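# sequence first, then the predicted structure, then my questions.
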Amino acid sequence: MRNICLALLATFAVSTAHADEKRTCQEFDIGSTGEFREQHLVDADMSGAKSAGDRLVGQRDLVDASGNKIGVRHYVGLIKEVTADGKEWRRTTELINVLQDGAIHGTKELINGKFKTTEIIGGTGAYVGVTGSEKSSVKDGLTTYHFKLNCNEPDPS
């Protein structure tokens, strides 16, 4: 598991190195059809079922309004609690949306089977120093991620 996470982080670092480009701080939407989605359960206790301590790792393509691929969303979710009937009750998910001009990093909570608004915690490239939120909605098989980004001056250290 540790090697998988390190490999993912190394991939993100290489694919998001665009620090000299202009930051984008505004509201915008990015879509995902789920057509190019890959998700796997890392079964920590080898029980064969979702349980506390397991992780969901995956990725899905991100598309513009015309359906053209513009990036990839990578995620790792830590399952914190499962109900007696095997449904996820609580999960924390770390997200990295890799776009051509940089990456947007976020974290979100699943509580009682429902995702809360994603907190944007930073980024690379055009998104260095951003904070804000991301809210998702699903309609006709298309997931739309609505980003509200705020620019902050990056820490010079």
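Structure's in. What do you need? Residues are numbered from 1 along each chain as shown.
# next secondary structure after the strand ranked longest in the chain?
Across the chain, the longest stretch assigned as strand under DSSP state E is strand 69-82. Sequence-wise, the next helix or strand beyond strand 69-82 is strand 88-99, with elements assigned using DSSP states H and E.
# which helices and strands does that following strand pack with?
Contact here means 3 or more Cβ pairs under 8 Å, 6 or more residues apart in numbering; DSSP states H and E; on that basis strand 88-99 packs against helix 2-15, strand 55-63, strand 69-82, strand 102-111. For every residue, glycine as well, the C-beta is placed using N, CA and C.
# packing partners of the longest strand of the chain?
Looks like strand 69-82 contacts helix 2-15, strand 27-32, strand 55-63, strand 88-99 (3+ Cβ pairs under 8 Å, 6+ apart).
# contacts for the second one, please.
This points to strand 27-32. Outside of strand 27-32, the residues within contact range by Cβ atoms under 8 Å, 6 or more residues apart in numbering are 60-65, 67, 70-71, 73, 97, 99, 142-149.
# mind listing what the nearest residue to Leu62 once chain neighbours are set aside touches?
Distances taken as Cβ to Cβ, 6 or more residues apart in numbering place Gly71 nearest to Leu62, at 4.2 Å, with adjacent residues excluded. Applying Cβ under 8 Å, 6+ apart to Gly71 gives the contacts Ile30, Asp61, Leu62, Asn97, Val98, Leu99, Gln100.
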